[in-house]
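Enquirer: missing the sequence, but the structure's below:
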């Protein structure tokens, strides 16, 4: 395989469920949640040997550029694909495809998240290689990675696996399904036929542009304008105009659920999207049943996450509680309600307390 | 009654159970826990009209003098009775008695705590007046105030009430009993014969000195030296020497439980010694079942105390939890374990973390 393999770290999300560490202007990927490296640094380390460094890109909002440069000096600024505004993943992937198409129309592109954790790094890289190899042989295919579930998780969408497509790991996607309730999730899990949809896609640049043309005309018109403008002095302006008009839509519904040639590669990654403080608790090492970070003193606490920062955190008799201290906000949350941190953010917005967001 | 009535606000304790607001160098009485005044200011306001301002004294450690001056400008510095070191209430009352005896041997002295709360202020002042009146007529008596209990509290010592002593409110004390377990406390409460021992004493200065002579010789020798030294240039040094030698002992065991002429005046005060954050919760007004102070945003919390300070406190799904934020420590504690805050302090001491104490 000639080196037309490109990896794009997609760093678009804001990760509000990990507030107050994650903020609008300092989203989840920049934070050291599970180790002494940020999620972004860990993501880069994980993929850096898969292709040449000039083929590694990052897709992000303009407000995240400075912090990205500070953390990831390895990615040249020319490889920053900057979205003028967040319009979910379909417009993001349209822009990514256009930018890389202009350099290499037959580029094989893998888009991966900047803010997930993975335990089985070698499975992760092997899976991406398999996907690239499959797309190299079957360029008309859009490939997604399907995570082998380790529980009946209700926080993820699922992919139902179909017949095997080649001698390697790719299978047809039988269907994509939305986040299920617990009963359905348990059925999926027990069946062994459903995988978590991690939102990682691998495709050829030229073919992705065709997919937008065929399946997402509301994005294709802007995409065509962008393709024309790239490299001209109007580029920035045209991209801004296109993004203003793009609908907010994920690549899943805009393309992946519509195309016929969609494949999934199952992978056992020890993966998490760290979608809540409860996930952070699950991922980290425990001492006396609790997770301790920073300066903490406690008596009779059980199954708690303690993230201290500048202050001493002192606790007595807590059970299943998450405490996250930051310089201006202290969050204290029942662990099984950690998903509801989003509601706090909505409440603060209503109250006009934007400085905390 | 000629005005030989003296009131001494005893501000000796440190109130570790209200840590981290209460600290070694800034004990409980200086803090605004239940209103926009400190407990000390509230105490002064409660008694200031009971006697002339020159008859109001305060007993305290040297480290508390500056903060006391800042809060209570009304008490002249000459009325500060400064303990060189804390040796519990018997030595404190010996020093108080000596100081005031020198001014007025037949002074009737009421010693009251600086850091309690009272709801029925008029009952409080009437009770102190009755006690003073009783001592005026019966100077050989030591009088204590017995609080009408409103629950089977296990955190207080009890006084068993005996026969009535005069036409007024005073009764003989049948016995003092230590903090009971819940079963015993319930019996006491149901019997109607037991009162909470608030540790307020009313006595005549000369008679108290005689009581030390008769019942507490280990304190009386120092007391006699102090009596001689008051007004001389050796006063400070002699007091320091005496306190070095005084045993640490409460007035209850040194005197009150030994003397025959001990009376109690029952009083319905709506009183609390605010012995834990759980008491603070009980005392304060609730909104949606929670107590809110400072900047707090919450979802689905029940029966919680939120004391925010400089940071935003954000909570989800908490039940029966106390959160107290201070500039360098955040305490989070199950409400029914609020008494165990003491253990945290011991732990910090063991760890050499004195800056938090």
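Expert: Sure, I can see it. Predicted, not measured: the structure shown is a model, and the values here were computed from it.

Enquirer: which residues touch residue A:343?
Expert: Contact analysis of residue A:343 by C-beta atoms under 8 Å, 6 or more residues apart in numbering or on different chains lists B:299, B:316. Backbone N, C-alpha and C define where each C-beta goes, glycine included.

Enquirer: My reading is that it is in a helix; is that accurate?
Expert: Yes - per DSSP: H, G, I helix; E, B strand; the rest coil, residue A:343 lies within a helix segment.

Enquirer: residues from the stretch 251-357 of chain A in reach of chain B?
Expert: A:297-300, A:311-319, A:321, A:323, A:325, A:327-334, A:336-338, A:340-341, A:343-344, A:347-348, A:351, A:353, A:356 (C-beta under 8 Å from any C-beta of the partner chain).

Enquirer: if you look at these, which of them are in helices?
Expert: A:341, A:343, A:344, A:347, A:348 (DSSP state H).

Enquirer: mind listing the helices in chain A by residue range?
Expert: Per DSSP H, chain A carries helices over the ranges A:39-47, A:65-71, A:89-103, A:121-137, A:182-191, A:205-215, A:217-229, A:235-245, A:251, A:277-283, A:341-350.

Enquirer: Mind listing residues that contact the first one?
Expert: Among residues not part of helix A:39-47, those counted as contacts by C-beta under 8 Å, 6+ apart are A:7, A:9, A:11, A:28-31, A:33-35, A:37, A:56, A:68, A:71-72, A:74-75, A:112-118, A:121, A:124-125, A:128, A:274.

Enquirer: That helix to helix A:121-137, inter-axis angle?
Expert: Interaxial angle, helix A:39-47 versus helix A:121-137 (axes from the mean of the first three to the mean of the last three C-alpha atoms, to 10 degrees): 70 degrees.

Enquirer: distance of the nearest residue to residue A:309 once chain neighbours are set aside from residue A:248?
Expert: Distances taken as C-beta to C-beta, 6 or more residues apart in numbering or on different chains place residue A:325 nearest to residue A:309, at 4.7 Å, with adjacent residues excluded. From residue A:325 across to residue A:248, the span is 33 Å (C-beta to C-beta, to the nearest Å).

Enquirer: list the contacts for the spatially most distant residue from the centre of chain A?
Expert: Here the centre of chain A is the reference, and by C-alpha atoms, centre = their mean the most remote residue is residue A:299, at 37.3 Å. Contacts for residue A:299 (C-beta under 8 Å, 6+ apart) come out as A:315, A:316, A:317, B:337, B:340, B:343, B:344, B:347.

Enquirer: What of residue A:253?
Expert: residue A:90.

Enquirer: ok, 10 Å please
Expert: Listed by C-beta atoms under 10 Å, 6 or more residues apart in numbering or on different chains, the contact set of residue A:253 reads A:88, A:89, A:90, A:176, A:178, A:216.

Enquirer: any chance of those residues in a markdown table, with distance to chain B and neighbour count too?
Expert: Formatted as a markdown table, these follow (distance: C-beta to the nearest C-beta, whole Å; neighbours: other C-beta atoms under 10 Å in any protein chain shown):
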| residue | distance to chain B | neighbour count |
| --- | --- | --- |
| A:88 | 27 | 18 |
| A:89 | 28 | 26 |
| A:90 | 32 | 25 |
| A:176 | 31 | 17 |
| A:178 | 25 | 11 |
| A:216 | 38 | 22 |
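
Enquirer: Now for residue A:309, how many residues are close by?
Expert: 14 (other C-beta atoms under 10 Å in any protein chain shown).

Enquirer: Next: residue A:28.
Expert: 27.

Enquirer: how much space between it and residue A:19?
Expert: 9 Å.

Enquirer: repeat for residue A:198
Expert: Residue A:198 is 22 Å from residue A:19, by C-beta to C-beta.
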